[in-house]
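Asker: Here is a sequence together with a model predicted from it:
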Amino acid sequence: MASSTRSQKLVALPSDPQHGGHDEERNPGTPLDLDWVSGVRVNRSAVERRAATMGTRRTVKKEWQAAWLLRAITLMDLTTLSGDDTPGNVRRLCAKARNPVRQDILEGLGVAHLPIRTAAVCVYHALVETAVEALRGSDIPVAAVSTGFPAGLSPFEQRVEEIRASVAAGAGEIDIVITRAHVLTGNWQALYDEVRAFREACGPAHMKTILATGELATLRNIGRASMVCMMAGADFIKTSTGKEGVNAVMPVGLVMTRCIRDYNERTGQKVGFKPAGGIRTAKQAIEWLILMKEELGDEYLRPHLFRFGASSLLTDIERQLEHHLTGRYSADYRHPMA
Amino acid sequence: MSIAEIFETMEYGPAPESASPALRWMDERDRTFRHFIGGEWREPSGGEWFESANPATNQPLARIAQGSQEDVEAAVRAAREALPGWSGLEGHARARYLYAIARQIQKHSRLFAVLESMDNGKPIRESRDIDIPLVARHFYHHAGWAQLMGTELAGYGPVGVVGQIIPWNFPLLMLAWKIAPALAMGNTVILKPAEFTSLTALLFADVCREVGLPAGVVNVVTGDGRTGAALVEHPQVDKIAFTGSTDVGRIIRVATAGTGKKVSLELGGKSPFVVFDDADLDSVVEGVVDAIWFNQGQVCCAGSRILAQEGIAEKLTARLRARMETLRVGDPMDKAVDIGAIVAPVQLEQIRRLVQQGQDEGATLWQPSWSCPQEGCFFPPSLFTEVSPSSTIAQVEIFGPVVVMMTFRTPAEAVALANNTRYGLAASVWTENVNLALDIAPKIKAGTVWVNCTNVFDAASGFGGYRESGFGREGGKEGLWEYVKPLWEKKAGAEQEPEPVAPKASEPGKAKGLPPIDRTAKLYVGGKQARPDSGYSLPVLDSRGRLLGEVGHGNRKDVRNAVEAAHKASGWAKTTGHNRAQVLYYVAENLAARSDELARRIAQMTGDDRGAEREVEASIRRLYTYAAWADKWDGQVHHTPFRNVTLAMPEPIGVMGIACPTAAPLLGFVSAVAPAIAMGNTVVAVPSERWPLAATDFYQVLDTSDVPGGVVNIVTGRRDELTETLAAHDDVDGLWYFGPAAGSAAAERLSAGNMKRTWVSYGRARDWSDPAQGEGEEFLRQATQVKNIWVPYGE
């Protein structure tokens, strides 16, 4: 099948020869073990306390800040998920993904030789082909949100079919949404079976599992859902669709990263993490990077294990980078829009 | 390093906080700091100075005045002169000053933080985000208490001139804990900062001037231990508040014994950090970070003994070690440093010595793979496993970033291990099971218990110790009592012992009918009458000197037996307030039934028939008072600014020795014993030495009133002899003494052995028949200690 050959090629994550990220073994999942689920312990107050000091115990300044912000760009799933998306604005977004920062700024920072581009472009299924076309030759994969995003309540077969269609259209990464009801009713078997099925449908495409944490009510539910999704073979676990009332917040990130660590201790498998929704400022981006470095290590500052889902974040980072270079605060309009 | 390189390595870089504003502040003062006395800067009278150094670099920062006896004298005089004006201000006026101080600290918060970190070595993140905000909060909170004193502490006035001696680990925060409540309650103060860390106290003196605080209300005299000693010994100082080591606390207890100085001591700790197998282990790991690697572990309440349930100990150790690898030790002024410098070379040496000893004794030391800075006073985070309670490092306070880990099998064993220490400052309990947490928290002997959190503080919550961690509370309403005294005490005269009578020789008997049956008053121990160990008796004379009867001459061994019996009866503390009330009402009922007999007995001894009847009646009323209180001495839920309930629970002291007043043989006994047992204590009472027969008759009332054996034990004999044995008994938790000045002094002095809570009368008269003096909340406060249990919630 022609489409599958193409998708085989596109699963490659951004090439990073020094770190060989895309060669990492994928998480095959494990049989559902309900002891792992019931063993999840999350003390909300303690988690919030740790989360609140994540950005006050660590900081990066000057060159370090600039370098970390450049790194943040390369970890970004540059995203548009609007009802009014058209091929026009998606092509513009893809152009921005290829050249996220003005050339003169990159030169000024001494990083013109580095492959600074976003990790992926993330769109709805209808715009996958447009994005694939626009990114051809760049090695930037296209991620498609899927399975009846954002609520995930369309018929199961349709959701599975939607994954297949997006993969066929050239999506290298699929961001699926889970049925929140399975979590809220404690039906872990159903959640596991659903995610397993989605993973199978993804085939070679990497699967990011959106928990929609803002709709899971408690941090403990978030922890338990994280474990089930990883057991079911998620390549990444992702916080939010960006459409819930509360999206990527630090306590949620902390719970999910700790689950990733726990899963790794039990299986040796490394599952990626993607916070999405509400990450708009360079400062927030740095805090998330600090969280990853502190809780999961430097490896989790690479695109094969960490992504931001973001739309407006890039502009703020560009402004900060220009400020680093010139010492003057920058303005949005000085940077090419997506 | 270039941006391109950092882009690859993703390392943290330097993130220094600028020291220049603090350096400028010191330079403007020629790096020379005098005493702050009576609102003026004064040269040290002895011309002696010492240097304060930055422990991160070992470079000198400034020259500080060494306070002499004359300097202390001048400061006390200034405080004394300022006292009438300050205490005479309406509460609202004092509230305005405290509010202004809080504002001023906030306005200059960064300068305070930077100066603190330079002087003490603590990371700037901690001084900036924890110490200084808590300082401001403390002044705000106590501005409120100044405002409310008139209504909330009616009947109480300031203690007077207060000497305050603070440690180097939280220099400005400890200043705030001391000064804010003292000023709020109308006292004036002389503060002696720790020798290593005087600078922020001197910056605070600037603040006092800026807000126009009247001269002499706050005085700062800098110096070493000699200065502190001069302050402790000064006769014009009415109270000493001290935070520091238990050794020095003990010296202060002895030095002030009998002087009438009020004393509050916040001393050392070896606080347990209890981890049950259902805890959120990742949060536990961060808890340990906050417990022992906060402020380099130089925290009196540091969770330095991890007690982990066996099933999860290995997992916890592995996670702790992994976390320790990511801690960063280094320049305290770097915003991304977790562990700064140890305060001084001498402290670093002490830590090294104890860590070496731990290894020598066979414990396993683990430290991260990275290396500590070599210049300056740094020590890496350290975890000892294979530790047993008998290891030195499991018992002594290391006061450094060193934690020991032991395991337990059951909740009961966790409690036993947690309490296997002389200290009792704080504890941390980690479990997701609220039933377990709320079961364990009351069982741990500590002034603060943090559930699923650690090292959280607030001005609204009292902080202080059980056992040898000291007494008194700082913060909350419970902390205010340390800075006030009942107004009636001002007018109270010296206690008049009843006129002695000369013994009259017994007259030969006349055979006229049957002789009376001999009644032998015995000791009352463990609910049983007991003969005195000595085999001797003491005569009891009536008002005309005739032999009325005899009582056992109790000795050391009788006290020992009574204390053991009191411990065996400790289940009394677990009975409900309602239950204790019922028992006390029943005691009153049975006393009423025998009131004629007891009145007669009292009258025979005192020779005052009407007085005796009134005394019995008053005793019945008093029993009713404490029966009433038994289920009403509630705790509080403090308004601390976190999502939690901070439960301030009054707990009984434990086993209490009580030397009862001489003059009112029954009422004095009842007035002292009833509040103690109403609160759940068990008691060894020494009744009126002169007129003990009312108390020995009373044990028959106790016997018939469902008072469990051992709750009240009565040892007759020489009051001061018995009191000294009780005071020197390390398994007695509290001691009350109502008697002359000399006996009061001995009681306080000898209590220093285990730092038991004491309450003595210093020979001051108390009118037991006046309910304002003879009963009430003061007795209940003295019969309890407040434990604050922090319970965060939220799913």
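Answerer: Arrived safely, thanks for sending.

Asker: Could you check how far stretch A:121-130 is from the centre of its chain?
Answerer: Counting by C-alpha atoms, centre = their mean, to the nearest Å, stretch A:121-130 is centred 16 Å from the centre of its parent chain.

Asker: Touching it from outside, list them.
Answerer: Stretch A:121-130 is touched from outside by A:77-81, A:85, A:87, A:90-91, A:93-94, A:97, A:131, A:135, A:140-146, A:149, A:162, A:165-166, A:169-171, A:173, A:175, A:309, with contacts defined as C-beta atoms under 8 Å, 6 or more residues apart in numbering or on different chains. Every C-beta, even on glycine, is put in place using the N, C-alpha and C of the backbone.

Asker: before we move on, what SS does A:Ile260 have?
Answerer: helix (DSSP: H, G, I helix; E, B strand; the rest coil).

Asker: Next up, the contacts around it.
Answerer: If a contact means C-beta under 8 Å, 6+ apart, then A:Ile260 has A:Ser226, A:Met230, A:Ile237, A:Lys270, A:Val271, A:Phe273, A:Leu296 as its contacts.

Asker: Repeat the analysis, applying 6 Å as the threshold.
Answerer: Taking C-beta atoms under 6 Å, 6 or more residues apart in numbering or on different chains as the contact definition, A:Ile260 lies against A:Val271, A:Phe273.

Asker: returning to that earlier point: please flag which of the contacts of stretch A:121-130 sit within strands.
Answerer: A:Asp77, A:Leu78, A:Thr79, A:Val142, A:Ala143, A:Ala144, A:Val145, A:Glu173, A:Asp175, A:Gly309 (DSSP state E).

Asker: tell me which parts of the stretch 351-500 of chain B are close to chain A?
Answerer: Residues of the stretch 351-500 of chain B found near chain A (C-beta under 6 Å from any C-beta of the partner chain) are B:Glu432, B:Asn452.

Asker: In TSV: the ones in strands among the contacts of stretch A:121-130, plus pLDDT and distance to chain B.
Answerer: What follows is the ones in strands among the contacts of stretch A:121-130, written out as TSV (pLDDT from 0 to 100; distance: C-beta to the nearest C-beta, whole Å):
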residue	pLDDT	distance to chain B
A:Asp77	98	19
A:Leu78	98	19
A:Thr79	97	23
A:Val142	98	25
A:Ala143	98	23
A:Ala144	98	29
A:Val145	98	29
A:Glu173	98	23
A:Asp175	98	25
A:Gly309	95	21
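
Asker: Show me what counts as buried in the lowest-mean-pLDDT helix or strand in chain B.
Answerer: Across the helices and strands of chain B, mean confidence by mean pLDDT, DSSP states H and E is lowest for helix B:488-491: a mean of 92. Buried residues in helix B:488-491, counting neighbours by 16 or more other C-beta atoms under 10 Å in any protein chain shown, are found at B:Glu489.

Asker: what's the spacing between that helix and its chain's center?
Answerer: For helix B:488-491, the distance to the chain centre is 25 Å (C-alpha atoms, centre = their mean).

Asker: contacts for that helix?
Answerer: Here helix B:488-491 makes contact (C-beta under 6 Å, 6+ apart) with B:Gln773.

Asker: just checking, next helix/strand downstream of that helix?
Answerer: Sequence-wise, the next helix or strand downstream of helix B:488-491 (DSSP states H and E) is strand B:523-525.

Asker: Could you pull up the mean pLDDT of that next one?
Answerer: For strand B:523-525, the mean pLDDT works out to 98.

Asker: Residues of chain B that sit close to chain A?
Answerer: B:2-4, B:6-7, B:10, B:13, B:15, B:125, B:129, B:280, B:282-283, B:286, B:326, B:335-336, B:432, B:452, B:792, B:794-795.

Asker: how about the most centrally placed residue in chain B, phi and psi?
Answerer: The centroid of chain B falls nearest to B:Phe471 when counting by C-alpha atoms, centre = their mean (1.5 Å). Torsion angles at B:Phe471 (phi, psi; degrees, to the nearest 10) stand at phi -140, psi 160.

Asker: pretty sure it is touching B:Thr758, no?
Answerer: No. Between B:Phe471 and B:Thr758 there is no contact under C-beta atoms under 6 Å: 8.4 Å.

Asker: Which residues of the stretch 1-150 of chain A lie near chain B?
Answerer: Neighbours of chain B within the stretch 1-150 of chain A, by C-beta under 6 Å from any C-beta: A:41-46, A:50, A:56, A:58-61, A:63-64, A:66-67, A:70-71, A:109-111.

Asker: burial of B:Ala82, as a residue count?
Answerer: Neighbour count for B:Ala82, taken as other C-beta atoms under 10 Å in any protein chain shown: 22.

Asker: same check, this time on A:Ala181
Answerer: Residues lying near A:Ala181 (other C-beta under 10 Å) number 13.

Asker: just the one 10 residues further on next, same as before
Answerer: Residue crowding around A:Leu191 was assessed by other C-beta under 10 Å; the count is 27.

Asker: That one and chain B, how far apart?
Answerer: Between A:Leu191 and chain B the distance, using C-beta to the nearest C-beta, to the nearest Å, works out to 20 Å.

Asker: Kindly reformat the ones in strands among the contacts of stretch A:121-130 as CSV containing neighbour count and distance to B:Met656.
Answerer: Converted to CSV, the ones in strands among the contacts of stretch A:121-130 look like this (neighbours: other C-beta atoms under 10 Å in any protein chain shown; distance: C-beta to C-beta, whole Å):
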residue, neighbour count, distance to B:Met656
A:Asp77, 27, 68
A:Leu78, 26, 72
A:Thr79, 26, 69
A:Val142, 30, 77
A:Ala143, 29, 72
A:Ala144, 29, 75
A:Val145, 28, 70
A:Glu173, 29, 71
A:Asp175, 29, 68
A:Gly309, 30, 64
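
Asker: any chance of those in TSV, with distance to B:Val343 too?
Answerer: Listed next are those as TSV, based on distance: C-beta to C-beta, whole Å:
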residue	distance to B:Val343
A:Asp77	48
A:Leu78	50
A:Thr79	51
A:Val142	58
A:Ala143	53
A:Ala144	58
A:Val145	55
A:Glu173	53
A:Asp175	52
A:Gly309	46
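
Asker: Now the stretch 301-450 of chain B against chain A: closest residue?
Answerer: B:Ala336 (4.7 Å; C-beta to the nearest C-beta).

Asker: burial count for that residue?
Answerer: Using other C-beta under 10 Å, B:Ala336 has 23 other residues around it.

Asker: Could you pull up phi and psi at it?
Answerer: B:Ala336 adopts backbone torsions of phi -110, psi 30, taken as degrees, to the nearest 10.

Asker: Name all residues that make contact with it.
Answerer: Per C-beta under 6 Å, 6+ apart, neighbours of B:Ala336: A:Arg58, A:Thr59, B:Tyr12, B:Ala15.

Asker: What is the nearest of these to B:Ser705?
Answerer: Set against B:Ser705, the nearest of these by C-beta to C-beta is A:Arg58 (65.0 Å).
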